[in-house]
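> Okay, here's the prediction I keep looking at, along with the sequence it came from:
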Amino acid sequence: MPANTSSDLQLSPLSKGETMPVLHLALLPEQSQFVAPIDQMIGETDPTVDFHVGTVAGEAVAFFKIDRDYKSKISTAPLDACGFEPNDLGLRGMLVGAQFQGRGYGKAVMAKLKSYLCSRYQARHVFLTVNCRNLAAIHLYRAGGWEDTGQLYLGGKSGPQHIFRLTLR
Ligand SMILES: CC(C)(COP(=O)(O)OP(=O)(O)OC[C@H]1O[C@@H](n2cnc3c(N)ncnc32)[C@H](O)[C@@H]1OP(=O)(O)O)[C@@H](O)C(=O)NCCC(=O)NCCS
């Protein structure tokens with residue numbers, strides 16, 4: 001049987017009541033400054049936050065959250081200067097499990113993200129913040145079509161963050 005590749009990755013919503021399939025997604029110690037551990041992330045009960053999972057051959061390899069009330073979560077970020085419009089979304093907690101990193105799964109999530117989100121949300125844009133020292137994620141987002149707004153968010157616990165924007169429609 002051929003080995004699974006990153007092109008086999010599928011994105012789907014993850015119900016808050018059924019988060020067991022992502023619990024094995026590990027985080028390297030040096031990455032804990034950039035995202036919270038998976039058990040903490042799936043504990044978020046905010047009804048304006050949706051969970052999504054990337055799976056390959058039925059196994060979860062990636063997780064992210066879509067925040068429909070992003071602006072209120074990072075109220076000190078200069079989102080208006082970044083072109084934030086009503087109903088725009090925030091992407092938070094993007095994680096490829098440490099045991100699956102470096103296999104192209106992050107790129108596969110990015111390749112499918114725009115059409116996936118377009119089919120589920122009416123927003124024009126998605127925004128995210130990424131720590132200025134998180135070179136792997138910055139590289140991933142840039143290559144995935146995200147635009148650096150040139151603005152910084154200074155409210156993060158681990159230092160300044162770039163504000164990136166993806167145009168959906
Ligand atoms: C960032 C992350 C999602 C990337 O996922 P991944 O599956 O390992 O990424 P891929 O295998 O698809 O590789 C994507 C690209 O990043 C590059 N990359 C990997 N590590 C890198 C590093 N330290 N510096 C620069 N580029 C790096 C890869 O070379 C590849 O680029 P290329 O194809 O142009 O060579 C993953 O490392 C992760 O989950 N990190 C911890 C959580 C995190 O920081 N999330 C972002 C929060 S904003």
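In hand now; what should we look at?
> what about the chain, any weak spots by pLDDT?
Applying pLDDT under 70 to the chain flags residues 1-2.
> go with 90
Scanning the chain for pLDDT under 90 picks out the ranges 1-7, 156-157.
> residue ranges of the helices in it, please?
Counting by DSSP state H, the chain has helices at residues 38-41, 70-73, 105-120, 135-143.
> okay if I get those helices as JSON lines plus distance to the ligand?
Every residue, glycine included, has its C-beta placed from N, CA and C. Formatted as JSON lines, the helices of the chain follow (distance: least, C-beta to the nearest ligand atom, whole Å):
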{"stretch": "helix 38-41", "distance to the ligand": "10"}
{"stretch": "helix 70-73", "distance to the ligand": "13"}
{"stretch": "helix 105-120", "distance to the ligand": "3"}
{"stretch": "helix 135-143", "distance to the ligand": "3"}
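> Next up, the contacts around the spatially most central residue of the chain.
Computing the C-alpha centroid of the chain and ranking residues by C-alpha atoms, centre = their mean puts residue 94 first, at 3.2 Å. Listed by C-beta atoms under 8 Å, 6 or more residues apart in numbering, the contact set of residue 94 reads 35, 62-64, 106, 109, 128, 137.
> If we use 6 Å, what do you get?
Residues in contact with residue 94, defined by C-beta atoms under 6 Å, 6 or more residues apart in numbering, are residue 64.
> Kindly report the same for the one 10 residues further on.
Counting by C-beta under 6 Å, 6+ apart, residue 104 touches residue 6.
> And it, how close does it get to residue 57?
Between residue 104 and residue 57 the computed distance is 15 Å (C-beta to C-beta, to the nearest Å).
> which parts of this protein sit against the ligand?
Applying C-beta under 6 Å from any ligand atom, we find that the chain lies next to the ligand at 31, 34-35, 94-96, 101-107, 130, 134-137, 139-140, 143.
> hang on, the earlier thing: mean neighbour count, the helices of the chain: which tops it?
Of all the helices of the chain, helix 105-120 has the most neighbours on average by mean count of other C-beta atoms under 10 Å, namely a mean of 18.
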